[in-house]
Structure formats: C-alpha cells, structure tokens
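*Asks:* Dropping the sequence and predicted coords here.
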Amino acid sequence: MTQQHVPALVIGNWKMNGSLATNAALLESLRGDIASFGNVHVSVCPPFPYLAQSAALLAKSPISCTAQNLCHEAIGAYTGEVSASMLADIGCRYVLAGHSERRGLFGDSSERVAAKTRQALNAGLIPIVCVGETLAQREIGLTEATLAAQLLPTLAGLSASDLEKLILAYEPVWAIGTGHVATAEQITTVLHYLRKLVADKTGATKVAQSMRILYGGSVNAANASWLADLPEVSGVLVGGASLKAEDFSEICRSFGQR
Ligand code: PEP
C-alpha cells in the first residue's frame, strides 16, 4: 500500500530544548520557507511552556502544533500534568503518546499509553502512538513481539472510527539520537508487520492498509530524500534535526516534493 498519494506528515520534536528567543527565530525561518515545502503537512512539537507561543506564531500558517505528552486522566488532582483538553484548548492538533523517552525514562507503560491515546481522542486531538524496539530486543529476534506488546493495549480500546484517526510512529530506540538510521528494508519490514498486526487485531483491514505510519530515528537533511522515496512511510518524526531550521526545511521539502 503506497502512502505517497496523500501528503506526508513531518513533525519536529524539539524535546526539552528551546527558549522564547530561539523558538521565535526557528519558527520565523520555517514560515519563510513554507512556500518551498510542496505538498506536506508540517507540525512542530515544542515543550509545554512554549506551545502557546508557537501556536500564536503559527496562527496564520499551515504549520500546526503537536504536544510531546499528555496526562492519562481527563481532569483533577494530577499535579504537574497537562490534560488533552488543555492541549486542544491552546490549539494543538496532534499529541505524541509513548515516545521511547517517556516509556524508558518516565515509566509510561503500554497500558498508560493506551489511556493517553483515549484521552487524546476524547479531546479531539490526533494521537501519534510511538513504538519501537531496543537493539537488544532486535538482536534476539524480539522486534515484532515488542511492537505488539506496545501496541495491543492501545488497539484494544479503540472503536473503528478511533482507529481511522490514529497515527503510528515506528521509532527504533537504537536509532533515536544515535545517527544510526534504520535501513529501508528494516523500516519496510516493520511497517508491513504493523499494518498486519492492526488488521489482524481489529479486523479493520482497509484502515490498517491506509493508516499513517511515520518513521523516526536519526532523520536528517541528508537521509530524508531516500526515506521519502519509501512508499510505505507516511512521514517522519524528527528529533535533533528539527532544531536546525535549514535542515528541518530540507526534510519538509524532501517529503513535500516526493
Ligand atoms: C525523536 O525524538 O523522536 C527522534 C527520532 O529523535 P532523533 O531524530 O534525534 O533521532
């Protein structure tokens, strides 16, 4: 199933980086480059305190905002947390759930990721559920089992119409921030597996074939063009390179002109 007939989605995950001044400069540069991007959806993913700033600076542009995380509950006594409805309120379109740094460093279980996905959908946000294996898991043949364990709790809680909104991101942990991008064959094999898993577990074969699945892991201006040529890849989740305006614009162009 080719994804190249629909605009790709390119998301820049700023992680815990930025300031009012550097964000403004980065967004001004991106806005200036938009005309050269072509047919692509672009979103930036700033830290929580800067979402409102980014939403305001992007208000008149087609670039949207994505949140990096959200609370698994809707409202109440959850000190330090941010709810899905708050993110929707300040203008976010997408939200990440289960980024490997959340899973690995902050203990987000797959059940918690499922609850976050539910909250996102309830608030009208589009959840981007991230899955990915470690190098050790890949080396002992546990890639598919790991991805299934990460995704099944989320799939179990979704209706057919929820599933149509869901976006997945395949982000092998060993490729994130390491400079070791996965090969075309590794990406293609995993994306086929994920579509089959969704189809088998939900019965929604057509939705599984057309659902958007992003790749993430050491995407940069140099490798974006061959990644954009992979027909199964619906776009990319970019970490480090999204902080460099020229590199991120080049990645957007690669996907916008494929
Ligand atoms: C990420 O944070 O999702 C990511 C893919 O990071 P990087 O592009 O830096 O590998």
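*Replies:* Done, it's in. Residues are numbered from 1 along each chain as shown.

*Asks:* starting at the chain centroid, how far to stretch 177-196?
*Replies:* 14 Å (CA atoms, centre = their mean, to the nearest Å).

*Asks:* what does stretch 241-258 give?
*Replies:* With CA atoms, centre = their mean, you get 15 Å for stretch 241-258.

*Asks:* Can you get me a residue count around H99?
*Replies:* The local packing of H99 (other CB atoms under 10 Å) involves 27 other residues. Backbone N, C-alpha and C define where each C-beta goes, glycine included.

*Asks:* what's the spacing between it and the ligand?
*Replies:* For H99, the distance to the ligand (CB to the nearest ligand atom, to the nearest Å) stands at 6 Å.

*Asks:* which residues touch that residue?
*Replies:* By CB atoms under 8 Å, 6 or more residues apart in numbering, the residues touching H99 are N13, Q68, N69, C130, E171.

*Asks:* Which of these sits closest to the ligand?
*Replies:* Lowest distance from the ligand to the contacts of H99 (CB to the nearest ligand atom) belongs to N13, with 4.5 Å.

*Asks:* re earlier: hmm, which two among the contacts of H99 are most spread apart?
*Replies:* Comparing all pairs in the contacts of H99 by CB to CB, the longest separation belongs to N69 and E171, at 14.5 Å.

*Asks:* Compare those two (neighbour count), which wins?
*Replies:* Using other CB under 10 Å, the more surrounded residue of N69 and E171 is E171, with 28 against 20.

*Asks:* And the pLDDT at the more buried one?
*Replies:* You'll see E171 listed with a pLDDT of 98.

*Asks:* which residues sit in contact with it?
*Replies:* So E171 contacts H99, S100, C130, V131, G132, Y215, G216, G217, L237 (CB under 8 Å, 6+ apart).

*Asks:* what pLDDT does the residue of the chain found nearest the ligand get?
*Replies:* Going by CB to the nearest ligand atom, the ligand is nearest to G239 of the chain, at 2.1 Å. For G239, the pLDDT comes out at 98.

*Asks:* Look up the closest residue to it, ignoring the ones flanking it.
*Replies:* Nearest residue to G239 in three dimensions, chain neighbours excluded: N13, at 5.1 Å (CB to CB, 6 or more residues apart in numbering).

*Asks:* can you pull out the helices in the stretch 151-258 of the chain?
*Replies:* Assigned by DSSP state H, counting those that start in this stretch, the stretch 151-258 of the chain shows helices spanning 160-165, 184-202, 205-210, 224-228, 245-256.

*Asks:* Close to the ligand: what parts of the protein are there?
*Replies:* Selection of the chain residues close to the ligand by CB under 6 Å from any ligand atom yields 13, 15, 171, 176-177, 216-219, 237-241.

*Asks:* Weed out the non-buried ones from those residues.
*Replies:* 13, 15, 171, 176, 216-219, 237-241 (16 or more other CB atoms under 10 Å).

*Asks:* buried stuff in stretch 12-32?
*Replies:* G12, N13, W14, K15, N17, G18, N23, L26, L27, L30.

*Asks:* Could you do stretch 118-130 as well?
*Replies:* Using 16+ other CB under 10 Å as the test for burial, stretch 118-130 gives R118, Q119, A120, L121, A123, L125, I126, P127, I128, V129, C130.

*Asks:* cool, stretch 187-201 as well?
*Replies:* In terms of neighbour count (16+ other CB under 10 Å), stretch 187-201 has its buried residues at I187, T188, V190, L191, L194, R195, L197, V198, A199.

*Asks:* Would you check the distance separating that stretch from the middle of the chain?
*Replies:* Centroid separation for stretch 187-201 versus its chain: 17 Å, with CA atoms, centre = their mean.

*Asks:* residues touching R212, list them.
*Replies:* Contacts of R212 (CB under 8 Å, 6+ apart): Q3, V6, L9, I167, L168, S234, G235.

*Asks:* okay, now S254: neighbour count?
*Replies:* Residues near S254, counting by other CB under 10 Å, number 25.
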